[in-house]
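Engineer: below are the sequence and a predicted model for it; my questions follow.
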Amino acid sequence: MLRTCLLLSAVACLAIASPAKKIKLSLGKFEHDYCDSAANQPLVLNTLNVVPDPVEIHTGATIDIEVNLDLLEVVPEGSTVELKAKKLGLIDLPIPCVEVEGLHIGSCTYQLQDLLNEFADFLCPDWFPEGQSCTLPLNPGTYSGSTQFVLPEIPSLIIDLLASGTYQVTVHAIRPDGTEETCFYIKADITS
């Protein structure tokens, strides 16, 4: 569940950081794994299917996602998610946190409960194990489902600033006491 919300945030982050023209996100070169420093690995991703491949990212594009993961530990109330997005290159280009129509996209920190609320329409209750509400704490279990969504209008906020390249979003899951629960990254190549 946590990784599903973060994947959707990462796709939105990559979309906003790209020109308003149609681009393709090649999932053939899509990579995700725990960070080297992540001793704790509280999730097992069993299935991740995204159709079409490559995904076209533009206003009105339709994306189908199927996810199945096992959550191995409780995710407590007050947990946050910190995203660090960047375009990789000779000199990595950080992508700042940008507010677009009330939604913060990029290198931002999110309250996990706010993400659950944001995606509740298509996640709850279908993606949750029986007896788990769409609120924190999230209990161990299998979280799975599939959904189709249409990308909203992608503003020309960062036109010509970023384009084709390799992008990485590092996700830090933070406990309520401020310590890191785990860290993983998502990396994808974008081509025009």
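Structural biologist: Nice, I can see it.
Engineer: please pull out the lowest mean pLDDT helix or strand from this protein.
Structural biologist: When the helices and strands of the chain are scored by mean pLDDT, DSSP states H and E, helix 2-16 comes last with a mean of 42.
Engineer: am I right that residue 113 sits in a helix?
Structural biologist: Yes: counting by DSSP: H, G, I helix; E, B strand; the rest coil, residue 113 is part of a helix.
Engineer: wait, it touches residue 76, no?
Structural biologist: No: here residue 113 does not reach residue 76: they are 10.7 Å apart, not a contact under C-beta atoms under 8 Å. For the C-beta atoms, the positions are set from N, CA and C on the backbone; glycine is no exception.
Engineer: what bits of the protein have low per-residue confidence?
Structural biologist: Within the chain, the set of residues satisfying pLDDT under 70 comprises 1-30, 37-38, 53-58, 100-101, 153-164, 190-192.
Engineer: do that again at 90, thanks
Structural biologist: Counting by pLDDT under 90, the chain contains low-confidence ranges at 1-67, 98-106, 115, 118-125, 147-167, 181-192.
Engineer: now the strands for it?
Structural biologist: 23-34, 43-51, 55-57, 62-71, 80-88, 93-95, 98-100, 103-105, 109-111, 141-150, 165-174, 180-191 (DSSP state E).
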